[in-house]
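Need coordinates for the following:
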Amino acid sequence: MCAESLVAVLIGPGGVGKGTLARRLVDRDPRLWLSRSWTTRPPRSGERGDEYVFVERETFERAIDEGRFLEWAQFQGNLYGTPVPSGEAEVDVLLEIETQGAIQVRAQQPDAVIFLIEPPSPEHLESRLRGRGDSDDHVRRRLASAPVELSAGRDLADFVIVNDDVERAAGEIISILEGLRRHRRAGKEDGHHG
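Modelled structure (predicted):
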């Protein structure tokens, strides 16, 4: 990853549509590279299998010991982690992670740009969770943790995006990223006076 690369982070409660939004961003912006997180949780029915790198717990723990994660966290009994980006030149890295992980990313990459993705309403979030086939118990746990995640996310985020429409939300994020890229290019040009 080159020094001028942006690290853009999507956070928000489970079911808010971070994965769908991340895929849309990568489709629309050729400069974005989506880092696939690792997890020890089993794939959900309906997942295509490319949402995460699904691994055994011991494989994940070995990768932790080897320092291969930018961030990692345990969430609802499973491990999730973002591998250290692999030297992609001229791309900006997009991470789709939990709030805990974003805190670790911010510590390592202070200029990371964090986007909190919010649902239009709690009812909309519940509908999305049920629509992806989550169990009643899982839906209850996710809905109970959502206000805490949203509050922590607001404290951490540089930008808050309501995911009421994927195309509109993706356009808003791309517009912000383009502005940040222009600002970085201008700063880089100004910085070469000596």
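
Just the local confidence number for the residue nearest in space to the middle of the chain, please.
The centroid of the chain falls nearest to Glu96 when counting by C-alpha atoms, centre = their mean (1.6 Å). We have a pLDDT of 90 for Glu96.

neighbours around the closest residue to Val7 other than its chain neighbours, how many?
Nearest residue to Val7, sequence neighbours excluded (C-beta to C-beta, 6 or more residues apart in numbering): Ala112, at 4.1 Å. In this view, the C-beta of every residue, glycine as well, is placed from N, C-alpha and C. Neighbourhood size, Ala112 [other C-beta atoms under 10 Å]: 18.

any idea how far Gln76 is from Arg141?
In this view, Arg141 and Gln76 are 6 Å apart by C-beta to C-beta, to the nearest Å.

Between these two, tell me which one has more neighbours.
Arg141 (15 against 12).

Now do the contacts for that one.
Residues counted as contacts of Arg141 (C-beta atoms under 8 Å, 6 or more residues apart in numbering) are Gln76.

got it, and Glu66?
Residues near Glu66 by C-beta under 8 Å, 6+ apart: none.

ok, now how distant is it from Ile103?
Noted for Glu66: a distance of 22 Å to Ile103, by C-beta to C-beta.

downstream neighbour of the lowest-mean-pLDDT helix or strand in the chain in the secondary structure list?
Every helix and strand of the chain was ranked by mean pLDDT, DSSP states H and E. The lowest is strand 69-75, at a mean of 85. Sequence-wise, the next helix or strand downstream of strand 69-75 (DSSP states H and E) is strand 78-83.

Show me what that next one is packed against.
strand 38-39, helix 57-65, strand 69-75, helix 99-108 (3 or more C-beta pairs under 8 Å, 6 or more residues apart in numbering; DSSP states H and E).

isn't the residue nearest to Val7 right up against Ile103?
No: counting by C-beta atoms under 8 Å, Ala112 sits too far from Ile103 to count as a contact (10.6 Å).
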